[in-house]
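Trainee: what would the 3D arrangement of this be:
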Amino acid sequence: MTTTDLAGTLDGDGHRLDVRVYFEDTDFSGVVYHARYLHFLERGRSDFLRLKGIGHRELMDGAFGAPMAFAVRRMEIDYLRPARIDDILTVITRTRQLGGARVLLDQTIRRGDDILIEANVKIAVISLDGKPMRMPKKVLEVLAPGLGVG
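Mentor: Sure, this is the predicted structure:
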């Protein structure tokens, strides 16, 4: 098994990551605690970047120009249905829009055909001292919607 085997798959214009719900993700009734969905969404975003060739470590080391990072600036979440212990969920991440210093992502969490969570995420591009910065051209090209898997 390689580390990319753990990172889900790219599919056309987005990314899919399967996650299992463990006891630690749930409240006393076996339903996923609302804040745990943030963990699942973060894993989806991180692995989406990783498979696109944009690892967090490389961003911080300056592999794309100046050292940088992505930070969640805003997130809107609709909790539509609950997940429960032992469910297998699929986190889907798609780039909706890119700007000079931001990325807008659409994320969903599904259990089979059922949509459980819909999230719109605004990501800021920042320098390592926390100041906004423009996204390097290479990163923009890789994240642009409609580029496909390659």
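Trainee: what's the mean pLDDT across stretch 124-135?
Mentor: Stretch 124-135 carries an average pLDDT of 93.
Trainee: repeat that for stretch 88-96.
Mentor: Mean predicted confidence for stretch 88-96 is 96.
Trainee: in it, what's buried?
Mentor: Of all the residues in stretch 88-96, those buried under the rule 16 or more other CB atoms under 10 Å are 89, 90, 91, 92, 93, 94, 95. From N, CA and C alone the C-beta is placed, and that goes for glycine too.
Trainee: let's verify residue 43: helix, strand, or coil?
Mentor: State at residue 43, reduced to three classes by DSSP: H, G, I helix; E, B strand; the rest coil: helix.
Trainee: hmm, back to that, want to try CSV for the buried residues of stretch 88-96, with distance to residue 49 and secondary structure as columns?
Mentor: Shown next, in CSV, are the buried residues of stretch 88-96 (distance: CB to CB, whole Å; DSSP: H, G, I helix; E, B strand; the rest coil):
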residue, distance to residue 49, secondary structure
89, 20, strand
90, 18, strand
91, 13, strand
92, 15, strand
93, 9, strand
94, 13, strand
95, 11, strand
